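A.B. asks: Sharing a model prediction with you, sequence too.
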Amino acid sequence: MNKHLINLTTMRSQKRMPYVSAVEKYVKERRIPFHMPGHKQGKGISTILKRLWGEKVFYYDLTEVDGLDYVNAPSGVIKQAEALAAEAFGVKETFFLINGSTVGNQAAIMSTVKDKEEILVTRNFHQSTAAGIILSGAVPIYVQPTRHKISGFYPTISPKKIKDALNKNPSIKAVHVTSPTHIGFLSDVKEIGQTILKKEIPLIVDEAHGSHFQFHEDLPKSAITLGADIVIQSSHKTIGSLTQSSMLHLVSSRHISGAEIQNSLRILQSSSPSTLLVMSLDAARHQIANEGKELLTKTLSLARQLRNGINDIDGLYCYGREIIDTDDIVDIDETKILINVGKIGYTGYEMEKILGKEYGIEIEMSDISHILCFVTIGDTEFSIEKLLGALKRISMKPRTTKAQHALESLTLPDIPELILTPREAFFASKKRISIASSLGKISGELIVPFPPDIPLVLPGERITKDILEYIDYLKKNGATIIGPQDTSLETIKVVENN
């Protein structure tokens, strides 16, 4: 049971699913629909979808009909469901998100900083954070994360860098930190929170990959307990809600009110919220609050079994607790399985293709030297053994590749000079030019190489010689590029007349 569910009254309340129950009751009434959606509870749905999904799911795909409340202005069963989630997670208020943690990051930023106000942002952020900065018109003060020397990723941030940036820029109105990152490495949010507390500004933590943390003592501590004011979590990533469903937790109202958060969400979220997504959030909260300890004990056991098995395979290395207290890593999420495959001569990209095509195994992501696998409450002994068996067989056929460790040894260029705010650059007139002729120009696009999943340049920043050399190196070594329209990086959009 969640550490917050300590009294009998709370435990009893967590047995309820107000929104799920309300939808179930409505469907049983068999009302004749003269409202959206157009398929009328499956009667007009594609026969192909009926064959694939069955008929029953469509009964529950409804709109804001009698008794089902409205996610952008909740006053009934959704408000009750959100209150139960707040109780389960130990926060002041919880908001259901049906546009993913993307909209959570955007709403958090829009609610805490205004046009031309400064926000401190760790550079290892999700694209949605950049979108939130553009929407708000804020001026970002970027802080470069710490490079993990073994993997080449930039997964954590030094509390000292946060402190130094705050002292250097006293006008900062909010701080946005991403922890954990995709690979499950955590920054020292507690120390960062203590530093920010003295400044009396809000701390926003993108904890998209940590919605399960609160429900097992062997998992890292959630930012909810470490001094954050707003925490965004992707429920669909780790606790079993449907894809695209997340939660925003308002931990403290010292600097921001729930009404302000709701107002931002009302602007950003769909006015036709999915009943199925909201039901899944209510049900996922119910499941993790009542069964979380048991489910996560099993999950951690399977993750440890997988990690130990991988590290017994010659040539493979799965990062574990031994890396804690190095390179500003304060903790790791053991359910994230990051495997270095370089020593057996395959790139991560090649391993991903082999696992998919030859073994029917789909992984989370790959890069030059790694593959990443998630172990969750949905895993079983079968899935773990299947992956271990495949890795053992692949490792028995090692080979050499020139790309081995090519990008791990490369250090990111310094954060470039910000000439225009991201909003100004986004809406400015732009032209497309060759990347070779872009030196000194102001970027009109976001360029995120993977690895290391850190923005190389953002809208409004000046393109430097170091950036162009890094881009050339990325192209030669086959890195994945996110952000620009031309992912081959032969051309780039730059701001005109600058």
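C.D. replies: Done, it's in.
A.B. asks: CA atoms for contacts and neighbours, from now on please.
C.D. replies: Fine.
A.B. asks: can you count the residues close to residue 365?
C.D. replies: Residue 365: 16 surrounding residues under other CA atoms under 10 Å.
A.B. asks: and the closest residue to it other than its chain neighbours, helix, strand or coil?
C.D. replies: Residue nearest to residue 365 in three dimensions, not counting chain neighbours: residue 372, with 5.3 Å by CA to CA, 6 or more residues apart in numbering. Classification of residue 372 into helix, strand or coil gives strand, according to DSSP: H, G, I helix; E, B strand; the rest coil.
A.B. asks: Tell me which other helices or strands the strand ranked longest in the chain touches.
C.D. replies: Taking DSSP state E as the criterion, the chain has its longest strand at strand 172-178. When contacts are defined as 3 or more CA pairs under 8 Å, 6 or more residues apart in numbering; DSSP states H and E, strand 172-178 sits against strand 118-122, strand 203-206.
A.B. asks: what residues does the last one touch?
C.D. replies: Outside strand 203-206, the residues within contact range by CA atoms under 8 Å, 6 or more residues apart in numbering are 105, 108, 174-180, 193, 196, 223, 227-233.
A.B. asks: follow-up on the earlier one: quick one: strands adjacent to the longest strand of the chain?
C.D. replies: When sheet partners are counted by DSSP bridges, strand 172-178 sits next to strand 118-122 (parallel), strand 203-206 (parallel).
A.B. asks: Pull out the buried residues from stretch 116-131.
C.D. replies: Buried residues in stretch 116-131, counted by 16 or more other CA atoms under 10 Å: 117-131.
A.B. asks: Tell me which stretches of the stretch 201-350 of the chain form strands.
C.D. replies: Counting by DSSP state E, counting those that start in this stretch, the stretch 201-350 of the chain forms strands over residues 203-206, 230-233, 246-250, 317-318, 331-332, 336-340, given from the N-terminal end onward.
A.B. asks: for the buried residues of stretch 116-131, which one is nearest residue 30?
C.D. replies: residue 128 (40.2 Å; CA to CA).
A.B. asks: coming back round to it: between the strands paired with strand 172-178, which one is closest to residue 399.
C.D. replies: Taking CA to CA as the criterion, strand 118-122 is the member of the strands paired with strand 172-178 that comes nearest to residue 399, at 38.0 Å.
A.B. asks: what does the closest one rub up against?
C.D. replies: Residues outside strand 118-122 that contact it (CA under 8 Å, 6+ apart) are 113, 138-145, 157, 165-166, 171-178.
A.B. asks: Are any of those residues buried, and if so which?
C.D. replies: Burial by neighbour count, judged by 16+ other CA under 10 Å, picks out 113, 138-145, 157, 165-166, 172-178 from these.
A.B. asks: For residue 456, which of the strands of the stretch 201-350 of the chain is the nearest?
C.D. replies: strand 203-206 (20.0 Å).
A.B. asks: Now the closest one - C-alpha only, PDB.
C.D. replies: Taking Å, rounded to 0.1, in the frame of the first residue of the first chain, the C-alpha atoms of strand 203-206 are listed here in PDB:
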ATOM      1  CA  LEU A 203       9.800  24.000  -8.800                       C
ATOM      2  CA  ILE A 204       8.300  22.000 -11.600                       C
ATOM      3  CA  VAL A 205       9.500  18.400 -12.100                       C
ATOM      4  CA  ASP A 206       8.800  16.400 -15.200                       C
END
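A.B. asks: when you give positions from now on, start the count at 16
C.D. replies: Renumbered: residue one is now 16, and that last one reads strand 218-221.
A.B. asks: Where do the helices of the stretch 16-165 of the chain begin and end?
C.D. replies: For the stretch 16-165 of the chain, applying DSSP state H, counting those that start in this stretch gives helices covering 23-28, 33-43, 62-68, 71-74, 92-104, 115-127, 142-151.
A.B. asks: Using CSV, lay out the ones you listed together with distance to residue 280 and mean pLDDT.
C.D. replies: Shown next, in CSV, are the helices of the stretch 16-165 of the chain (distance: least, CA to CA, whole Å; pLDDT from 0 to 100):
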stretch, distance to residue 280, mean pLDDT
helix 23-28, 27, 63
helix 33-43, 20, 96
helix 62-68, 31, 96
helix 71-74, 27, 96
helix 92-104, 14, 97
helix 115-127, 6, 98
helix 142-151, 12, 95
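A.B. asks: and those helices, which is most packed in?
C.D. replies: Across the helices of the stretch 16-165 of the chain, the average number of neighbours (mean count of other CA atoms under 10 Å) peaks for helix 115-127, which reaches a mean of 26.
A.B. asks: tilt between that helix and strand 187-193?
C.D. replies: Helix 115-127 runs at 170 degrees relative to strand 187-193, counting by axes from the mean of the first three to the mean of the last three CA atoms, to 10 degrees.
A.B. asks: Residues touching helix 115-127, excluding its own?
C.D. replies: Contacts to helix 115-127, defined as CA under 8 Å, 6+ apart, come from residues 112, 143-144, 146-148, 150-151, 188-189, 217, 219, 221, 223, 245, 247-249, 258-263, 271, 275-276, 279-280, 283-284.
A.B. asks: Which among the residues you listed count as buried?
C.D. replies: In the contacts of helix 115-127, the ones that pass as buried (16+ other CA under 10 Å) are 112, 143-144, 146-148, 150-151, 188-189, 217, 219, 221, 223, 245, 247-249, 259-263, 271, 276, 279-280, 284.
A.B. asks: Can you pull out the low-pLDDT segments for the chain?
C.D. replies: For the chain, applying pLDDT under 70 flags the ranges 16-27, 415-425, 466.
A.B. asks: Show me it divided up by domain.
C.D. replies: When the chain is parsed with automatic domain parsing, its domains come out as 23-304, 311-410, 437-510.
A.B. asks: Redo these as TSV? Include distance to residue 429.
C.D. replies: What follows is those, written out as TSV (distance: least, CA to CA, whole Å):
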stretch	distance to residue 429
domain 23-304	8
domain 311-410	18
domain 437-510	8
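A.B. asks: on that earlier part again, just send the strands of the stretch 216-365 of the chain back as TSV, with distance to residue 408 too.
C.D. replies: As requested, these are exported to TSV (distance: least, CA to CA, whole Å):
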stretch	distance to residue 408
strand 218-221	38
strand 245-248	36
strand 261-265	38
strand 332-333	15
strand 346-347	28
strand 351-355	15
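A.B. asks: For residue 48, which of the ones you listed is the nearest?
C.D. replies: Go through the strands of the stretch 216-365 of the chain one by one with CA to CA and the one that ends up closest to residue 48 is strand 261-265, at 28.9 Å.
A.B. asks: Name the single longest helix found in this structure.
C.D. replies: In the chain, with assignment by DSSP state H, the single longest helix is helix 290-326.
A.B. asks: Measure how it sits relative to strand 261-265, angle-wise.
C.D. replies: Between helix 290-326 and strand 261-265, the angle formed by their directions is 90 degrees, by the same axes, to 10 degrees.
A.B. asks: hang on, the earlier thing: select, out of the helices and strands packed on strand 187-193, the one closest to residue 513.
C.D. replies: When these are ranked by proximity to residue 513 (CA to CA), strand 133-137 comes first, at 22.9 Å.
A.B. asks: ok now the closest one, how far from the chain's centre?
C.D. replies: The chain centroid and the centroid of strand 133-137 are separated by 18 Å under CA atoms, centre = their mean, to the nearest Å.
A.B. asks: Report all helices and strands that whichever helix or strand comes after the longest strand of the chain contacts.
C.D. replies: Next helix or strand after strand 187-193 toward the C-terminus (DSSP states H and E): strand 200-201. In terms of contact count using 3+ CA pairs under 8 Å, 6+ apart, strand 200-201 is assigned the packing partners strand 346-347.
A.B. asks: Am I right that residue 181 sits in a helix?
C.D. replies: Yes - using three-state DSSP, the assignment for residue 181 is a helix.
A.B. asks: Number of residues surrounding the residue nearest to residue 380?
C.D. replies: Here the number of neighbours of residue 387 (other CA under 10 Å) works out to 20.
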